[in-house]
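A.B. asks: here is the input, now give the coordinates:
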Amino acid sequence: MKDNTPIERYLNRYRTFREKLGKTEGLNETLLQLINEDRTELNNYFMAGLGMGTLYLRLGALIQLGRKLHDGDPTNDMMFMRQVLDNLREVLPSDTNWRNMWQFCAVDGSEWTKPLEKKKSANGQSLLERFVTFRNKYAHGDIALEEESLKQLMKSVVMLDEMAELKALFAGGTLEHDGGGYLWKTNSGAVPLHPFLQKGEKDGLPYVFQGLYEGKQTAKLLNTFLGNEQSQKPEQHFDGLLEPFVKAVNSSVGQEFDHTSRLDYYNECLIGREKELNELVKWCGQEDGTTIFPVYSLAGMGKGALMAGLVKELHDNSVPTLYHFCGSGQFNNLQAVLYHFMYQAKRLNLLDIEKDSLVARKLERMPSRYVDAVHLFQKLLSEHLRIPKNYRSGNLVVFVDGLDDAAVSDSSKSISDWFTTYDEEEKPDGEWTPPSNIKWVFTYRVGQYRFPLSGEHQNSELLQPMPGIEFAACAKAFEPFKPSDEFLDVFSERGAVAVG
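C.D. replies: Below you'll find the model as predicted:
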């Protein structure tokens, strides 16, 4: 790597200040002395570390993004486009957004995933998470150059030393401009970084994307050497890349899934589950007690068929229900499920939004960002839920079949997100408590998914875990056909994995 690259410059500046702190063994005394005698010097060290880390974070994310865009990866699907828009277009990208892009674009198993690995010794946080957390706290004064923050400052020095070691990720490449745009060149090829890294119009230095300002009318880029900004119109470089993403995402954001064929098939498969079905139906009608019912089993035990039977029973008994059957498709992630539920609730006339024009507009257009969708869903159920008089029950039953499939579609999202509130920086700041007349049923395969919700849940010997079909249930279901005991034995043994 050439010494005149921004990577090398920021690293050398950090090392200069780091050497003055001395070895880690005596770091506690050194920091304490600087806090009392020379806070300016100590602040210069941390600012050098933050500058280095921020550059590594952004350039690393851009290299992963450029590779994913350039390679034409088949996983560059709607979810990928939404991630790009949510983190780089719809907001002014923060370090958290750049970390999100690094995580979403990094190739599994590559060296680039190591900074994303969570460590027990670091409170379960990855290196990049620790860097972003410290940067935010230091910038907002939550960690100050005071004796009270000495322990946190010590940990931060260790973290910045780890960030400095990320130079190894960039060691095999060079940053070059071929006349058309910047490239990250390695032995394995060249990755285009344009338009998120551009050559300065006057000084010829590399400028990194800062975000779209003034209602997305102005794109700003930051000089990676000197820190000054450069502005341009988005149509110059960014619209050509991002607008096709916008059109594709807007054409597919949110839909109400049609599960009719799946319901018909599953109900044909549902036999011998009267006890389990009766328990669920009875629980859904209770006005008090627990509100979350996890149903789990090994693969193929008929959870989907049981849920289809539950849909039919609740419909026949005039109980309002929102339901979703997950699968392996890209829309079967928890964000898509949220959209589906909100559309379902609107179609079933369960929402009283006539006097809230803002909520009505959001429901009409649907927010593209996941956290915004969670917030809207929570607001609709907490403030606008209305059970029409034509329903016999005052309860609303919400269930998701196949949380493990949703996790495969997008592992970054968890059902616990729905029961969490978030602050303006999209950080969890509390728990959301739904209205007590909402009953939640979640199914998943045991051994392939860990249910994340804590608290008091409904317990069931029949459904946790859900076993294979009992011999007596088989005999009753096939009684009109007068099957032999041998057939029933075989069916009981093998039928347990015939539907799932």
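
A.B. asks: low-confidence stretches in the stretch 51-200 of the chain?
C.D. replies: 72-79 (pLDDT under 70).

A.B. asks: all strands for it, in order.
C.D. replies: Ranges of strands within the stretch 51-200 of the chain are 174-177, 182-186, 189-192, 197-199, based on DSSP state E, counting those that start in this stretch.

A.B. asks: could I get the ones you listed as CSV with distance to F377 and mean neighbour count?
C.D. replies: For every residue, glycine as well, the C-beta is placed using N, CA and C. Below are the strands of the stretch 51-200 of the chain laid out as CSV (distance: least, CB to CB, whole Å; neighbours: other CB atoms under 10 Å):
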stretch, distance to F377, mean neighbour count
strand 174-177, 43, 16
strand 182-186, 40, 19
strand 189-192, 38, 16
strand 197-199, 37, 21
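
A.B. asks: pipe the ones you listed into TSV and attach distance to W102 per row.
C.D. replies: Shown next, in TSV, are those (distance: least, CB to CB, whole Å):
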stretch	distance to W102
strand 174-177	17
strand 182-186	14
strand 189-192	14
strand 197-199	15
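
A.B. asks: in stretch 274-292, what counts as buried?
C.D. replies: Across stretch 274-292, burial judged by 16 or more other CB atoms under 10 Å covers E276, L277, E279, L280, V281, W283, C284, G285, T291, I292.

A.B. asks: touching the host helix or strand of L11 from outside, list them.
C.D. replies: According to DSSP states H and E, L11 maps onto helix 6-21. With contact meaning CB atoms under 8 Å, 6 or more residues apart in numbering, helix 6-21 is reached by 1-3, 27, 30-31, 41, 44-45, 48-49, 51-52, 55-56, 59, 157, 160-161, 164, 167, 170, 175, 206, 224-225.

A.B. asks: at 7 Å what do you get?
C.D. replies: Under the contact criterion CB atoms under 7 Å, 6 or more residues apart in numbering, helix 6-21 has outside partners 1-2, 27, 30, 44-45, 48-49, 51-52, 55, 59, 157, 164, 167, 170, 206, 224-225.

A.B. asks: what subset of the residues you listed is buried?
C.D. replies: The neighbour count (16+ other CB under 10 Å) marks 30, 45, 48-49, 51-52, 55, 59, 157, 164, 167, 170, 206, 224-225 as buried among the contacts of helix 6-21.

A.B. asks: extract the residue ranges of this protein that are flagged as low pLDDT.
C.D. replies: If you take pLDDT under 70 as the line, the chain has these spans: 1-4, 72-79, 248-255, 328-331, 469-483, 487-500.

A.B. asks: got the domain ranges for it?
C.D. replies: Here the chain is described, according to automatic domain parsing, as comprising the domains 6-250, 260-467, 468-500.

A.B. asks: on that earlier part again, filter the buried ones among the contacts of helix 6-21 down to the ones in helices?
C.D. replies: Judged by DSSP state H, helices contain the following of those: T30, Y45, A48, G49, G51, M52, L55, L59, V157, A164, K167, F170.

A.B. asks: can you tell me how far the second one sits from E19?
C.D. replies: It refers to Y45. Distance check for Y45 against E19: by CB to CB, to the nearest Å, it reads 10 Å.

A.B. asks: and what of the fifth one?
C.D. replies: Distance, G51 to E19, by CB to CB: 17 Å.

A.B. asks: repeat that for the last one.
C.D. replies: F170 sits 21 Å away from E19, taking CB to CB as the criterion.

A.B. asks: and what of T174?
C.D. replies: The spacing between T174 and E19, counted by CB to CB, is 26 Å.

A.B. asks: next one: L310
C.D. replies: 66 Å.

A.B. asks: again, but for L298
C.D. replies: Distance from L298 to E19, by CB to CB: 58 Å.

A.B. asks: more crowded one of these two?
C.D. replies: Between L298 and E19, counted using other CB atoms under 10 Å, the more crowded position is L298 (17 against 9).

A.B. asks: burial of P467, as a residue count?
C.D. replies: P467 is flanked by 13 other residues according to other CB under 10 Å.

A.B. asks: residues in contact with it?
C.D. replies: Contacts for P467 were tallied using CB under 7 Å, 6+ apart; they are M301.

A.B. asks: sec struct for T421, please.
C.D. replies: strand (DSSP: H, G, I helix; E, B strand; the rest coil).
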